[in-house]
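S.K.: generate coordinates for the sequence data below:
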Amino acid sequence: MTGLMSELVLQIGIILFAVRLGGRLVKKIGIPPVLGELLAGIVIGPYALGALPLPGFPLGIFPLPGGGNMAVSPELYAFATVASIILLFTSGLETDLALFLRYSVAGVVIGFGGVIFSFGRGAASGVFLLHAPLLDPRCLFLGILSTATSVGITARILSDQKKMDSPEGVTILAAAVFDDVLGIIALAVVMGLVAVLSGNVEAGGLDAGGILLIAGKAFGIWLGFTVLGLIFSRQLASFLKLFRHSFDFSVLALGVALILSGFFEKQGLAMIIGAYIAGLSLSRTDIAAIIQERLHGLYEFFVPLFFAVMGMMVDLREIFSPAVLGFSLIYVVAAIVAKVIGCGGPALLLGFNRRGALRIGTGMIPRGEVALIIAGIGLASGVLDKELFAVIILMTLVTTLAAPPLLSASLKIKGMGTRKPVKGSDSIQVHWDFNSPEVANLVIDTLLRDLRAEGFFVQTLNDDEGIIQARKDNIILIITRKAEDLSIEGAAEDMPFVKTAVYELILNLSEAVLKLKANSDPAAMKKELADMDGFSRKGPLGLIQRDCVILNLKGRTKEEVITEMVDLLDRREKLTNREEALQDVLSREKAMSTGMQHGIALPHGKTDGVEEICAAVGISRKGVEFDSIDGEKSKIFIMVLSPRTSSGPHVQFLANVGSVLKDEEIREKLIAADTQDEVVLLFHHS
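M.R.: The predicted structure follows:
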């Protein structure tokens, strides 16, 4: 047991580093991180580097287990199973059911057409290529795997092309919402059929009536639990809140998802269906957002691990075999054509012309997370073999990579996508630059809260790109946040409402800031920071390194000193954008001087010019005028820069520095230091 556990924790540690590296690398070239995590799993898996013998690991760090279809150990696959439950539970929490029910009829019809047509094409591909009947479990799985849509990539392209609130954009998003829910229903039905067809459940005859009975039972279980969950959602939330602390009830909400997942698996259905129902049931409660926030750390740990495990189960020998490549080619083409025709065809009957139908069809092409989860279920249950699993991986990769250029090309075709002009085809964009990311975030967060109070449904479409949609009746607003900027896109007739809402909000915030300023004493706050004892002096002060220390600053003005220290960090390759980092520090200094007392200055800032927190130390024995509290020249300069979106130890670092520099003897030794090592040791061992 000890040997198994030591091997497991080592594998998980390696996977965590691999998925982070893979995700970051592909993100730099505009590919979704999920594909990087999948590819990372393929590279380190037992069919690639994971099988290389190493000292202490004669069969490799990721050896192939003996027997069965699984390429990873049962223990590691158990982690991936929990990850899939967390992923679908979170997806259920994020589903806006009211928005789903109220979304456009066109979206529902198009989503339904895409699912039905994709399932038919996928299953037909299995019938043709496997020479098997339609009700063969493999064909059913190929059908259901073809239905899933991942709309995150589509949302980003629509936003970049300023088409998010176009008739095509709105319809794609509506269809994607319906697609997710209908896909879960279809999976429940297929799993019920597979359980019988695989001999795991007594069938009692497999004529047409028997098949309908099995499908009806699976659908009935899904519908029954969904309805019960929605009816008693508030009671469930009230029960969870009895545990008071948000971390407690958030973890117990996940416990509910795990219990439902186990129950559904025992009924011959998939665990992820129970997880999705648990999330959907809580999605309309007042604790949904809190649960998402509290479980975010678990999500970031488990979900990338799941995609890596899926990649590790891909046999590279199979994926490049002529049979698999040939099967994949036909299946991928069928998957793409199914969405284009299945979603574009109904669009032609709902007021769209050929251009609009093509845009909608291409926007529904990418597959993603749900397809990989279902593929993993099929492999674990023995329905899919290694060859078919490789086909699914290739289909997911190709459709995700093919969707962006196809959709971009269709959007560049001149002309509107509807037969008649509609509201939204004359959309415009308004833009505000607040010259401060903190102010921009405050305005956007307050705006979203006000829109929700007005009855708008607010949905994050792409968290990385800061794209949010707000919708009420026929008003559709696309809100984009980028650092210091806010932009809102919508129909021209809705812009007076938008501008009024934002201007009223800014006026209210301005009044609140004036009151805060009247009741605050910045000078006293700075003095308190300089005098504070701080926290433990060990951890964050490790940021101070000898190669980021200047013993004799040449600068004679505040701007020159700041520039000199930023340039030092840039030479040490701590910055990703030198100009942006410098401007952010100078802007922070302009807002309020960081000159403290006793000859200390702490220039700092949050910026997009760094990827991780970094620090520099500068000494000027003559001193520099820095607008200090006590009016004295500053001689000791500590600069810290951290990512704008990071929650790292920025403030704690400043507090610890203040604690160390409170000691007059240490200050004198720093000013008199002859080497960089002396400076570092004074901070590390004080």
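S.K.: give me the contact list for stretch 319-339.
M.R.: Stretch 319-339 is contacted from outside by 114, 117-118, 120-122, 124-125, 128-129, 142, 146, 149, 318, 361-362, 364-365, 367, 387-388, 390-391, 393-395, 398-399, 402, using CB atoms under 8 Å, 6 or more residues apart in numbering. Where C-beta positions appear, they are placed from N, C-alpha and C, glycine not excepted.
S.K.: give me the three-state assignment for the closest residue to residue 650 other than its chain neighbours.
M.R.: Leaving aside its sequence neighbours, residue 650 sits nearest to residue 642 (CB to CB, 6 or more residues apart in numbering; 4.3 Å). Following DSSP: H, G, I helix; E, B strand; the rest coil, the label given to residue 642 is strand.
S.K.: mind listing the residues bridging to residue 642?
M.R.: residue 606 (DSSP bridges).
S.K.: make 51 the starting number, not 1.
M.R.: Taking 51 as the first residue, the last one we looked at is residue 692.
S.K.: list the buried residues of the helix or strand containing residue 128.
M.R.: Using DSSP states H and E, the element containing residue 128 is helix 124-144. Across helix 124-144, burial judged by 16 or more other CB atoms under 10 Å covers 126-127, 129-144.
S.K.: can you pull the contacts of the residue nearest to residue 700?
M.R.: 656, 657, 660, 662, 663, 664, 698, 700.
S.K.: out of those residues, which sit inside strands?
M.R.: 656, 657, 664 (DSSP state E).
S.K.: residue 627 versus the last one, what's the distance?
M.R.: To tie it back to what came earlier, the one meant is residue 664. 13 Å (CB to CB, to the nearest Å).
S.K.: neighbour count for the two, which is higher?
M.R.: The residue with more neighbours, out of residue 664 and residue 627, is residue 664; 21 against 15, by other CB atoms under 10 Å.
S.K.: which non-adjacent residue is nearest the more buried one?
M.R.: residue 624 is the one closest to residue 664 (CB to CB, 6+ apart), at 4.1 Å.
S.K.: quick check, nearest of the contacts of residue 692 to residue 67?
M.R.: The shortest approach to residue 67 among the contacts of residue 692 belongs to residue 662, at 15.3 Å (CB to CB).
S.K.: tell me the secondary structure for residue 80?
M.R.: coil.
S.K.: find the nearest non-adjacent residue to it, please.
M.R.: With CB to CB, 6+ apart, the residue lying closest to residue 80 is residue 454, at 7.6 Å.
S.K.: and residue 275, by the same measure?
M.R.: With sequence-adjacent residues excluded and distances taken as CB to CB, 6+ apart, residue 275 is closest to residue 327, at 5.2 Å.
S.K.: can you tell me the element that neighbour falls in?
M.R.: helix 321-332.
S.K.: could you find the closest non-adjacent residue to residue 405?
M.R.: residue 467 (4.9 Å).
S.K.: tell me the contacts of the one you found?
M.R.: Counted by CB under 8 Å, 6+ apart, residue 467 has contacts 216, 217, 218, 402, 403, 405, 406, 407, 409, 410.
S.K.: which among those gets closest to residue 339?
M.R.: Ranked by distance to residue 339 (CB to CB), the contacts of residue 467 are led by residue 216 at 28.9 Å.
S.K.: that older thread, so how far is residue 122 from the residue nearest to residue 700?
M.R.: Residue 692 sits 37 Å away from residue 122, going by CB to CB.
S.K.: next: residue 411.
M.R.: Computed as CB to CB, the residue 411 to residue 122 distance reads 36 Å.
S.K.: and the residue nearest to residue 405, what are its phi and psi?
M.R.: phi -100, psi 0 (degrees, to the nearest 10).
S.K.: what does the pLDDT read for it?
M.R.: At residue 467, the model reports a pLDDT of 79.
S.K.: separation between it and residue 156?
M.R.: From residue 467 to residue 156 the distance is 12 Å (CB to CB).
S.K.: quickly find the element holding the residue nearest to residue 80.
M.R.: Per DSSP H and E: helix 436-461 holds residue 454.
S.K.: quick one: the helix holding residue 128 to chain centroid distance?
M.R.: 15 Å (CA atoms, centre = their mean, to the nearest Å).
S.K.: just the buried ones from the contacts of stretch 369-389?
M.R.: 164, 167-168, 170-172, 174-175, 179, 192, 196, 199, 368, 411-412, 414-415, 417, 438, 440-441, 443-445, 448-449, 452.
S.K.: most neighbours out of the contacts of residue 467, which is it?
M.R.: Of those, with other CB under 10 Å as the count, residue 410 tops at 32 neighbours.
S.K.: the spatially closest residue to that one that is not a sequence neighbour: which element?
M.R.: Take residue 410 and drop its neighbours on the chain: the residue closest to it by CB to CB, 6+ apart is residue 397, 4.8 Å away. Using DSSP H and E, residue 397 sits within helix 372-398.
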